[in-house]
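**Q** Here is my input; please provide its structure:
(one chain, ligands or ions: 4)
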Amino acid sequence: MGNSRNREIAAGLSRIADALEIKGDSGFKVMAYRRAARVLEDLPEDIARVAIEGRLREISGIGKGIAQKIEEHLDTGTMRKLLEATAGVPEGLFDLLNIPGLGARTIHIAYRELGIRSLADLRQVISDGRLASLPGLGPKKAESIRNGIELFERAGRRIPIDRATRLAEDVVAWMKQGPPAERISPAGSLRRRRESVGDLDILAASDGGSELVEHFTRYPGVTRILARGGTRGSVHITGPEFEYQVDLRIVPKESWGAALQYFTGSKAHNVRLRSLAKDMGLKISEYGVYRGERREAGATEEDCYRALGLDWIPPEMREDRGEIRLAREGDLPRLIEEKDLRGDLHVHSVFSDGSLTIEELASAALRRGYEYLAICDHSQSVDYAGGLSPARLLEQQAEIDRLNRKLKGLRLLKGAEVDILSDGKLDYPDEILGGLDVVVASIHSGFRKNVTRRMIAAMRNPHVTAIAHPTGRLLSGREGYAVDIESVAEAAAEFGVALELNACVDRLDLDENNLRRAVARGGRISIGSDSHHSGDMDMIRFGIGIARRAWLTKEHVLNTRPWKNLHGRREQGPSR
Ligand code: DGT
Ligand code: CA
Ligand code: CA
Ligand code: ZN
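**A** Ligands and ions are numbered 1, 2, ... in the order given. Now for the predicted structure:
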C-alpha cells in the first residue's frame with residue numbers, strides 16, 4: 001500500500017505520545033507528537049521522498065526534533081525515542097487507550113495511584129470503587145468508563161479489515177523473502193473479506209515446512225510464538241492497537257486447493273460441503289477429496305468443488321446462505337468486481353473537511369481508472385466539518401469547471417453531501433440542488449429524532465441521488481441511528497434513490513445484511529469511498545468485498561453505469 005511507511009512512522013509517533021502521557025507528561029511535547037502523527041497520516045506523498053529531498057521541515061506540524069526522529073526511522077527502521085518512551089510502561093496500559101471515553105491522563109492517574117497494569121486491573125478498581133475515589137474522577141466518570149469497557153468488549157477484539165489486509169500483505173511479502181514456497185495466500189475470514197477478522201490465516205504450499213515456519217516466526221513484530229512445527233506456526237504480532245494472532249499452515253503442493261478451501265471456511269460452509277460429500281460417498285479434508293483411499297481432487301479449489309458436482313464458489317459467498325445449491329445448479333451470480341466501478345460517488349475536498357484539493361482528487365481518480373468522480377463536500381449547516389455556504393459552493397464549482405476543461409478521460413461531477421435537517425428538509429434550497437449532478441443526503445445530527453421519516457422525506461426530493469451511510473453505525477463503537485432500514489429501502493426503491501454502501505472502513509454502511517435487505521426490495525446501491533485523505537479512495541476495495549458478500553452484481557450498483565445514466569430516478573434517464 002502506498003503510504004504504509006507514513007502510517008508506520010505515524011503509529012510510532014502516536015505511540016510515543018501515548019507513552020509520555022501514560023507516564024504523566026501532558027504538555028506541549030505530547031501535543032507535538034500527536035500533531036506530527038496526524039500530519040503524517042494525511043500526507044499525500046511518501047515521507048521517504050520528502051526526507052530525501054530535504055523537505056521534512058517544510059511540512060507544517062513537523063519540527064526539528066521530530067524531523068530527526070523521522071529520519072532515524074527511515075534509516076534504521078525504528079526510533080530510540082520510542083524505546084525510551086515506552087520503557088517501563090506495562091504493555092496492557094496501551095490497550096486501554098482503545099476504550100472509548102478513557103484517555104491517557106486517566107490511565108496515568110490510575111497507574112500512578114492504584115498501580116493498574118491491565119484491563120483486568122482496571123475492571124477491579126472500578127468495581128471496588130477505588131477508581132471513583134481518585135481526585136478528578138468520581139462515580140459518574142467511573143461509570144462512563146465502565147460503559148466504555150463494555151462497548152470495547154462488545155466490538156470484540158476483531159481486527160478491522162483494512163488493518164488485517166495490510167498486515168497479511170506484509171506477512172506474505174515477508175514470507176516471499178524466505179525459503180521458497182510454491183504458493184502462498186491468505187485464507188480464513190480475511191479471504192472471505194468480512195468487515196473484521198478474528199485472526200489471520202495464511203496458507204503456503206511447500207516441501208520445506210519447518211524452515212518456512214522458522215522464517216515466519218522471525219517476522220518483525222512477532223511478540224510471542226504460540227506454536228511452531230513442521231506444518232504450522234502460530235504467533236502474536238503487536239499492532240498499533242492490540243495483538244494480532246497469525247496462523248500459518250503449510251501443506252504439500254498436491255493438497256493446495258483442498259487446504260485453501262478448508263482454511264478459507266467458513267466453518268458453516270465446510271460443514272455443509274462435508275455432508276454433501278458424504279451423501280456422494282466421498283470424503284473431504286484439507287488434503288483432498290477422496291473416494292475410499294483414492295484422491296479425486298486436491299491441487300486446486302476448482303477441482304475440489306468440481307469433484308462435488310459444484311461450480312467454484314467465490315470465497316465471499318462461502319457462508320452457507322444457499323450458495324451451495326446455486327453452485328450445483330450452475331446459477332451462481334456474477335459478483336461485482338472493483339473494475340466494474342466507473343467512478344466514486346462520494347469524496348470530500350479541501351473545500352470542506354478533506355485534505356486533498358480537487359485536482360489531487362482528480363489525479364487519484366485517474367490513477368484508479370475512473371471515468372468520473374463526484375465531489376461531495378458538506379453542506380452549509382455542518383460547520384464543524386467546513387460545510388459550504390452557497391457562495392463557497394459556487395467557488396468550488398468554478399474550480400470543477402476549470403478542471404473539467406483541461407481533464408482528459410475523467411469527468412468531475414458537481415455534487416454535495418447534503419444534510420437532512422431535523423425537520424426532514426435538505427440543507428440547500430432546490431435551486432441549488434437542481435444544479436448538482438449528484439446529491440448524497442445524509443444525517444449528521446439528531447440521530448434519535450424521526451430518522452426514518454426524515455430520510456424518506458429527503459428521498460421525495462427529486463434531486464437526491466443517494467442516501468449516504470444510511471444507518472450511521474461506526475465499527476469503532478457508535479451504534480447508529482434509530483432507523484427502520486426496511487422502510488427506507490422500500491421508499492428508496494419506490495423513488496429510485498440509491499442507498500449508499502459507504503466504503504470507509506469505520507463505516508461499511510450499509511453492512512452486508514442490510515445490503516441484502518435493500519436489494520431484495522429492488523433498491524439500487526451506490527458505492528462511495530467517503531474519501532477525506534490521501535489513499536482513502538482505495539478503501540473502495542473493502543466496500544467491494546462487502547458488496548460481494550451481499551451477493552451484489554454489477555447491475556445492482558449505480559456507479560457501474562456511465563455518468564450520463566446516473567440519474568436513474570424511475571429510469572427517466574439523465575435530467576440534464
Ligand atoms: P475469524 O478468524 O474468527 O474471523 O474466522 P475464520 O473463518 O478465519 O476462522 P478460523 O481462523 O477459526 O479458521 C479458519 C478456517 O479454518 C475456518 O474458516 C474454517 C477452517 N476451520 C477451522 N476450524 C474448523 C473446524 O473445526 N471445522 C471445519 N470444518 N473447519 C474449520
Ligand atoms: Ca481467521
Ligand atoms: Ca485461525
Ligand atoms: Zn461524506
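**Q** switch to C-alpha atoms for all contacts and neighbour counts from now on
**A** Fine.
**Q** who touches the helix or strand bottoming out on mean pLDDT in the chain?
**A** None of the helices or strands of the chain scores lower by mean pLDDT, DSSP states H and E than helix 138-154, at a mean of 82. The contact list for helix 138-154 (Cα atoms under 8 Å, 6 or more residues apart in numbering) reads 98, 99, 100, 101, 102, 123, 126, 129, 131, 132, 133, 477.
**Q** Flag every buried residue along it.
**A** By neighbour count with 16 or more other Cα atoms under 10 Å, helix 138-154 contains the buried residues 142, 145, 146, 148, 149, 151, 152.
**Q** Over to stretch 115-125?
**A** Going by neighbour count (16+ other Cα under 10 Å), the buried part of stretch 115-125 is 116, 117, 118, 121, 122, 125.
**Q** Show the contacting residues for the closest residue in space to the last one that isn't next to it in sequence.
**A** Counting by Cα to Cα, 6 or more residues apart in numbering, the nearest residue to residue 125 once its immediate chain neighbours are dropped is residue 131, at 5.3 Å. Residue 131 makes contact with 110, 114, 125, 137, 138, 142 under the criterion Cα under 8 Å, 6+ apart.
**Q** Could you check how far residue 131 is from residue 26?
**A** Computed with Cα to Cα, to the nearest Å, the distance linking residue 131 and residue 26 is 20 Å.
**Q** cool, and residue 309?
**A** For residue 309, the distance to residue 26 - Cα to Cα - is 64 Å.
**Q** swap in residue 95?
**A** Distance, residue 95 to residue 26, by Cα to Cα: 19 Å.
**Q** Taking the stretch 101-250 of the chain, what residue is nearest to ligand 2?
**A** Ligand 2 sits closest to residue 199 of the stretch 101-250 of the chain, with a gap of 4.1 Å, by Cα to the ion.
**Q** For that residue, which non-adjacent residue is closest in space?
**A** Residue 199's closest residue in space is residue 245 (Cα to Cα, 6+ apart), at 5.2 Å.
**Q** pLDDT score assigned to residue 450?
**A** With respect to pLDDT, residue 450 has a value of 92.
**Q** should've said residue 574
**A** Per-residue confidence (pLDDT) for residue 574: 39.
**Q** Return the residues of the stretch 151-300 of the chain in contact with ligand 1.
**A** For the stretch 151-300 of the chain, the residues in contact with ligand 1 (Cα under 6 Å from any ligand atom) are 188-189, 197-199, 201, 262-267, 270-271.
**Q** Please indicate which of those residues are buried?
**A** Using 16+ other Cα under 10 Å, the buried ones in those are 188, 189, 197, 198, 199, 201, 262, 263, 264, 265, 266, 270.
**Q** Hmm, residue 244 and the fifth one touching each other?
**A** Put plainly, it is residue 199. Yes. Checked against Cα atoms under 8 Å, the pair residue 199 and residue 244 is within contact range at 6.4 Å.
**Q** Common neighbours of the two, please.
**A** Joint contacts of residue 199 and residue 244 (Cα under 8 Å, 6+ apart) are residue 159.
**Q** ok, now which ones touch residue 373?
**A** Counting by Cα under 8 Å, 6+ apart, residue 373 makes contact with 343, 344, 345, 346, 347, 362, 365, 410, 411, 412, 413.
**Q** what's near enough to touch the residue of the stretch 201-350 of the chain found nearest ligand 1?
**A** Ranked by Cα to the nearest ligand atom, the top residue of the stretch 201-350 of the chain for proximity to ligand 1 is residue 265, at 3.2 Å. Applying Cα under 8 Å, 6+ apart to residue 265 gives the contacts 188, 189, 318, 319.
**Q** Please tell me how far it sits from residue 333.
**A** From residue 265 to residue 333 the distance is 20 Å (Cα to Cα).
**Q** Equivalent analysis for residue 468, please.
**A** Distance from residue 468 to residue 333, by Cα to Cα: 26 Å.
**Q** now do residue 411
**A** Counting by Cα to Cα - residue 411 and residue 333 are separated by 31 Å.
**Q** and the two most separated of the contacts of helix 138-154?
**A** Greatest spatial distance in the contacts of helix 138-154: 133 and 477, 27.5 Å, computed using Cα to Cα.
**Q** Can you point out the helix or strand that includes residue 527?
**A** Residue 527 belongs to strand 524-528 when assigned by DSSP states H and E.
**Q** Was I right to think residue 237 contacts residue 225?
**A** No. Assessed by Cα under 8 Å, residue 237 is found out of contact with residue 225, at 9.1 Å.
**Q** quick one, which of these two is more surrounded?
**A** Shown here are residue 237 and residue 225; by other Cα atoms under 10 Å, residue 237 has more neighbours (20 against 15).
**Q** Now for the closest residue to the more buried one other than its chain neighbours: which residues touch it?
**A** In this structure, residue 237 finds its nearest non-sequential neighbour in residue 222, 4.4 Å apart by Cα to Cα, 6+ apart. The contact partners of residue 222, taken as Cα under 8 Å, 6+ apart, are 235, 236, 237, 238.
**Q** Please apply the same query to residue 86.
**A** 15, 16, 19, 20.
**Q** quick one: which of those is nearest to ligand 2?
**A** residue 15 (26.8 Å).
**Q** Mind telling me what element that closest one is part of?
**A** According to DSSP H and E, residue 15 maps onto helix 4-22.
**Q** what's the average pLDDT for that helix?
**A** Across helix 4-22, pLDDT averages out at 88.
**Q** got it, and stretch 492-500?
**A** Rounded mean pLDDT across stretch 492-500 is 96.
**Q** Could you pull up phi and psi at residue 283?
**A** Torsion angles at residue 283 (phi, psi; degrees, to the nearest 10) stand at phi -130, psi 130.
**Q** May I see the buried residues of stretch 132-139?
**A** Buried residues in stretch 132-139, counting neighbours by 16+ other Cα under 10 Å, are found at 132, 134.
**Q** again but with stretch 19-36, I slipped
**A** Neighbour counts over stretch 19-36 (16+ other Cα under 10 Å) mark 19-25, 30, 32-36 as buried.
**Q** what do you get for stretch 205-218?
**A** Applying 16+ other Cα under 10 Å to stretch 205-218 flags 205, 206, 207, 208, 209, 210, 211, 212, 213, 214, 216, 217 as buried.
**Q** Kindly report the same for stretch 466-483.
**A** Buried-residue list, stretch 466-483, by 16+ other Cα under 10 Å: 466-476, 480-481, 483.
**Q** Most widely separated two among the residues you listed?
**A** So, these by Cα to Cα: farthest apart are 466 and 476, at 24.2 Å.
**Q** Show me which residues of the stretch 101-250 of the chain sit near ligand 2.
**A** Counting by Cα under 5 Å from the ion, the positions of the stretch 101-250 of the chain adjacent to ligand 2 are 188, 199, 200.
**Q** Which members of those residues occur in helices, if any?
**A** residue 188 (DSSP state H).
**Q** related to what we said a few turns ago, C-alpha coordinates for the helix holding residue 15, PDB please?
**A** Backbone C-alpha positions of helix 4-22 (Å, rounded to 0.1, in the frame of the first residue of the first chain) are rendered in PDB as follows:
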ATOM      1  CA  SER A   4       2.400   2.200   4.700                       C
ATOM      2  CA  ARG A   5       5.700   3.800   5.700                       C
ATOM      3  CA  ASN A   6       4.000   7.100   6.500                       C
ATOM      4  CA  ARG A   7       1.400   5.200   8.600                       C
ATOM      5  CA  GLU A   8       4.100   3.100  10.400                       C
ATOM      6  CA  ILE A   9       6.000   6.200  11.400                       C
ATOM      7  CA  ALA A  10       2.800   8.000  12.400                       C
ATOM      8  CA  ALA A  11       1.900   5.000  14.600                       C
ATOM      9  CA  GLY A  12       5.300   5.200  16.200                       C
ATOM     10  CA  LEU A  13       4.900   8.900  16.900                       C
ATOM     11  CA  SER A  14       1.500   8.400  18.400                       C
ATOM     12  CA  ARG A  15       2.800   5.600  20.500                       C
ATOM     13  CA  ILE A  16       5.500   7.900  21.900                       C
ATOM     14  CA  ALA A  17       2.700  10.500  22.700                       C
ATOM     15  CA  ASP A  18       0.700   7.700  24.400                       C
ATOM     16  CA  ALA A  19       3.600   6.500  26.400                       C
ATOM     17  CA  LEU A  20       4.600  10.000  27.500                       C
ATOM     18  CA  GLU A  21       1.000  10.700  28.500                       C
ATOM     19  CA  ILE A  22       0.600   7.500  30.400                       C
END
